[in-house]
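# okay, here's the prediction I keep looking at, along with the sequence it came from:
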Amino acid sequence: MKIAFLVLVIAVAAASTSPVKPKAIDWTKVSEELEASHVIVYDTAVKLKELAIAGDKDIGDKIAEGITKAAKQGELLFEVILAAVADQTLTADQFNLYLEEIGGIWEVTLEELEELINSLPENVVKEMGDVFTEALKAFEIIANNIVTLLSQ
């Protein structure tokens, strides 16, 4: 899962360096894409917590606490991104930096929770991995869309 997220960060960074003819940024579309990314992250966090708790109540509660903590940290960065969009000052480079920060939060969280996650039943761990992978794919598309919009 960590490798997939790092691939996402690299792909987004590569997309931001693509030369694009300058034109007006569609800030409404940027806001819509950000909202879609927020929904994906929120829904994924809820699904992961539910799966962990269903796998083992005690362990799942600890995993849910870790996911909630990471989500709160990510939410603070999301608010900064939204403020920059509202001011129409967010750049592709800034967005990439925020993505890297958010990626770092989740990477640390997953490392902290790895032992707990691996102690869950194998089918639950697999399902959590599948949910996370699907979310990363969807998030990557949205992140690339945002970078493209900001690079105009």
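Done, it's in.
# only C-alpha atoms for contact and neighbour calcs from this point on.
Will do.
# let me see the contact set for the residue sitting nearest the centre point of the chain.
Residue closest to the average C-alpha location in the chain (Cα atoms, centre = their mean): V41, at 5.6 Å. By Cα atoms under 8 Å, 6 or more residues apart in numbering, the contact set of V41 is A135.
# from E114, how far out is V80?
To E114, V80 is 29 Å away according to Cα to Cα, to the nearest Å.
# now do the residue nearest to the centre of the chain, the pLDDT please.
Predicted confidence (pLDDT) for V41: 87.
# could you measure it against N144, distance?
Noted for V41: a distance of 16 Å to N144, by Cα to Cα.
# same thing with V46?
Taking Cα to Cα, one finds V46 at 24 Å from N144.
# so between these two, which is more surrounded?
N144 (20 against 15; other Cα atoms under 10 Å).
# show the model's pLDDT score for that one.
Reported pLDDT at N144 in the predicted model: 92.
# likewise L77?
89.
# same deal with K2?
At K2, pLDDT is 50.
# repeat that for S151.
Confidence at S151, expressed as pLDDT, is 90.
# that one against Q94, yeah?
No - using Cα atoms under 8 Å, S151 is not in contact with Q94; the gap is 11.2 Å.
# what's the helix or strand for I53?
Element membership for I53 (DSSP states H and E) is helix 27-55.
# swap that for I63, sorry
helix 57-86.
# packing partners of the following helix or strand past that helix?
For helix 57-86, the succeeding helix or strand toward the C-terminus, using DSSP H and E, is helix 92-118. Here helix 92-118 touches helix 2-16, helix 57-86, helix 122-150, going by 3 or more Cα pairs under 8 Å, 6 or more residues apart in numbering; DSSP states H and E.
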